[in-house]
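Chemist: What would the 3D arrangement of this be:
(one chain, ligands or ions: 1)
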Amino acid sequence: MELDAFLLACLQAQYGSEDMERILQGYACQRRSSLRVNCLKTNMQQIQSLLSEAGITTEKVSWYDDAVTFPQEEEGRLREMSLYKEGMIYLQNLSSMLPPLALQPHPAENILDMAAAPGGKTTMIAMLTENKAMITACEPNAGRAEKLRYNLMRQGASRVTVMQCDARKLDDLFKFDRILLDAPCSGSGTVNAGFRGRFNENNLKKTTSLQEALLRKAISMLSSKHEMVYSTCSILREENEAILEPFIRRGIIEVIPPELNTGDIPKLPTAIKDTLCVCPDERYEGFFMARLRKK
Ligand code: SAM
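Modeler: Prediction:
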């Protein structure tokens, strides 16, 4: 696999040779697929029995009872099954299930998903709150907003308002009890042979300035003493800890432990205590997540 020289240099500088080797192995391996059971429509027992009838073998996930992994070769077949077409499951990498769990959304809350399409995390928040929370899902890209609306409908997420706009332009008068900022990023955690040439200094600068502006906006719309989650599918410190640090230093937010049993999740070192950086491997995409409280 030929990888971008700029990305390799960033990884080497940040992680050193040993962790970089783990990351490169994670990029190169064929990842198992994973699915989340949509408890708005069904339950794990029913899904397991449909999968075993179809001869698809699954493996449990230690920190989440409503997810399983299965061989990637089965994904095509699974997409043809009615349990997929009817939104009884959502195909989602395990890493991507972490932020909605860390967010701990409650049914009575007013929640913002700030960068929402295609909706994996929005639909999970709707599910975790039994469709009772009032959710606003923001997505500026027209095609992606359409995909988001489709996924919301298919998953039966019925209390979600889609705002097709740049979240930086949301009115500061909006106030939310909880916010998920799953920020647009370089995707350095999800690299495989298909992704090349996107990594350069200029692109990284543009991405980090967007992330910084989105986080600033999120904090301004979050009610005091309330919580949010910042996540990216990047493992580069520039897009993660470096975005959070100025706000932490100025006493505007603090990092709090995610309260998840992350024991067997493959981790990379992070520069901020209680943040989580997932190392890509045969089950996980590379990912970063921080649970934050506004002071
Ligand atoms: N949270 C999504 C999920 O779990 O399905 C994935 C989100 S993806 C990492 C980031 C999204 O942010 C993209 O759909 C992108 O179009 C959107 N985006 C880009 N710029 C944005 C902005 N200024 N405001 C809000 N969303 C933005």
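Chemist: What lies in contact with stretch 208-218?
Modeler: Stretch 208-218 has contacts (C-beta atoms under 8 Å, 6 or more residues apart in numbering) with 112, 114-115, 167-168, 170, 179, 181, 183-185, 228, 230, 232, 238-239, 242-244, 246-247. Just so you know, the C-beta spots here come from the backbone N, C-alpha and C atoms, and that holds for glycine as well.
Chemist: got the buried residues for that stretch?
Modeler: Residues of stretch 208-218 classed as buried by neighbour count (16 or more other C-beta atoms under 10 Å): Thr208, Leu210, Gln211, Glu212, Leu214, Leu215, Lys217, Ala218.
Chemist: Name the SS class of whichever residue of the stretch 1-150 of the chain sits closest to the ligand, please.
Modeler: Here the stretch 1-150 of the chain gets closest to the ligand at one residue, Ala115, 3.2 Å apart by C-beta to the nearest ligand atom. Three-state call for Ala115 (DSSP: H, G, I helix; E, B strand; the rest coil): coil.
Chemist: Now for it: which residues touch it?
Modeler: Neighbouring residues of Ala115 by C-beta under 8 Å, 6+ apart: Cys138, Glu139, Ala167, Leu181, Asp182, Ala183, Pro184, Leu214.
Chemist: For the last one, report the pLDDT, please.
Modeler: Put plainly, it is Leu214. The model reports Leu214 with a pLDDT of 98.
Chemist: one step back: what remains of the contacts of stretch 208-218 if I keep only buried residues?
Modeler: Among the contacts of stretch 208-218, those classed as buried by neighbour count (16+ other C-beta under 10 Å) are 112, 114-115, 167, 170, 179, 181, 183-185, 228, 230, 232, 238-239, 243-244, 247.
Chemist: Out of these, list just those in helices.
Modeler: Among those, the members falling in helices (DSSP state H) are Ile243, Leu244, Phe247.
Chemist: right, and out of these, which lies closest to the ligand?
Modeler: Using C-beta to the nearest ligand atom, Ile243 is the member of these that lies nearest the ligand, at 14.0 Å.
Chemist: Leaving out chain neighbours, which residue sits closest to the closest one?
Modeler: Excluding its sequence neighbours, the residue lying closest to Ile243 (C-beta to C-beta, 6 or more residues apart in numbering) is Gln211, at 4.9 Å.
Chemist: Name the helix or strand for that neighbour, please.
Modeler: helix 201-221 (DSSP states H and E).
Chemist: Can you give the distance from that helix to the centre of its chain?
Modeler: In this view, helix 201-221 has its centroid 17 Å away from the chain centroid, taken as C-alpha atoms, centre = their mean, to the nearest Å.
Chemist: Turn the contacts of Ala115 into CSV, including distance to Arg36.
Modeler: Converted to CSV, these look like this (distance: C-beta to C-beta, whole Å):
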residue, distance to Arg36
Cys138, 22
Glu139, 20
Ala167, 24
Leu181, 20
Asp182, 15
Ala183, 21
Pro184, 22
Leu214, 25
